[in-house]
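Enquirer: Any chance you can model this:
(chains A and B)
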Amino acid sequence: DVKVTQSSRYLVKRTGEKVFLECVQDMDHENMFWYRQDPGLGLRLIYFSYDVKMKEKGDIPEGYSVSREKKERFSLILESASTNQTSMYLCASRGQNRNTIYFGEGSWLTVV
Amino acid sequence: AQSVTQPDIHITVSEGASLELRCNYSYGATPYLFWYVQSPGQGLQLLLKYFSGDTLVQGIKGFEAEFKRSQSSFNLRKPSVHWSDAAEYFCAVGEDTGRRALTFGSGTRLQVQP
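Expert: Just a heads-up that it's a prediction; the model follows:
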């Protein structure tokens, strides 16, 4: 069974803290994504990666960075967390050639 | 740029009634279309997808969707709704290569009345 695992389901961080959200997939997928989900806005793409050490900005990259040192792992980094980054973060992966995109269960981040 | 519109933010139906959730897309090439469902506090689960061929596609949990190119629509339907269908539903559009991300609509929240 395919699996995208987000290790932290619920986090509470203080303003200004550096935050790491980790995502691991076991499907040997080349492409991985980080989305942010907010009520009424749907899913918005933050960053994606189509290969190890490769990354591209999505629609809302400001305030975020990413790291992909290994094929199976894609990390989202908030360099200095702010309250407007309180949200649900969804990681996803997808193989090449029209394959389905698979999602993790999400990480709920609250910045206080 | 591609975009997806789900005009209904919230829909309430009675259990056993039929359901149709609307989705309109804007896309420059042949679209690849998806419907996902999200239960509270969970990630997204794929219901069905359209890549090519028959414009009526069947998915899991008794859902189906019809691709209408002339209307730029990909509406989701179910003939008889169950209480367990209460969730949020997202329509998405993307390219055929996995390199590109999907663009999602803002979602429709479905409430089922007993």
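Enquirer: Around chain B, which positions in chain A sit nearby?
Expert: By the rule CB under 8 Å from any CB of the partner chain, the part of chain A lying against chain B is A:4, A:29-31, A:33, A:35, A:40-45, A:48, A:50, A:58, A:90, A:92, A:94-106, A:108. Quick note: C-beta positions are derived from backbone N, CA and C, even for glycine.
Enquirer: list the contacts for the closest residue to A:D26 other than its chain neighbours?
Expert: Using CB to CB, 6 or more residues apart in numbering or on different chains and skipping the chain neighbours, the partner closest in space to A:D26 is A:K3 (5.0 Å). Taking CB atoms under 8 Å, 6 or more residues apart in numbering or on different chains, we find A:K3 in contact with A:25-27, A:102.
Enquirer: in the sheet, who's paired with the most centrally placed residue in chain B?
Expert: Nearest residue to the geometric centre of chain B (CA atoms, centre = their mean): B:W35, 3.4 Å. When bridges are called by DSSP bridges, B:W35 pairs up with B:L48, B:C91.
Enquirer: need the contact list for it.
Expert: B:W35 is in contact with B:21, B:23, B:46-49, B:59, B:63, B:65, B:74, B:76, B:89-92, counting by CB under 8 Å, 6+ apart.
Enquirer: switch to 10 Å and redo it
Expert: B:21, B:23, B:44-50, B:57, B:59, B:63-65, B:74-76, B:89-92, B:105 (CB atoms under 10 Å, 6 or more residues apart in numbering or on different chains).
Enquirer: phi, psi of the residue nearest to B:A17 when sequence neighbours are not counted?
Expert: Closest residue to B:A17 apart from its sequence neighbours, by CB to CB, 6+ apart: B:V81 at 5.8 Å. Backbone torsions of B:V81, given as degrees, to the nearest 10, read phi -80, psi 140.
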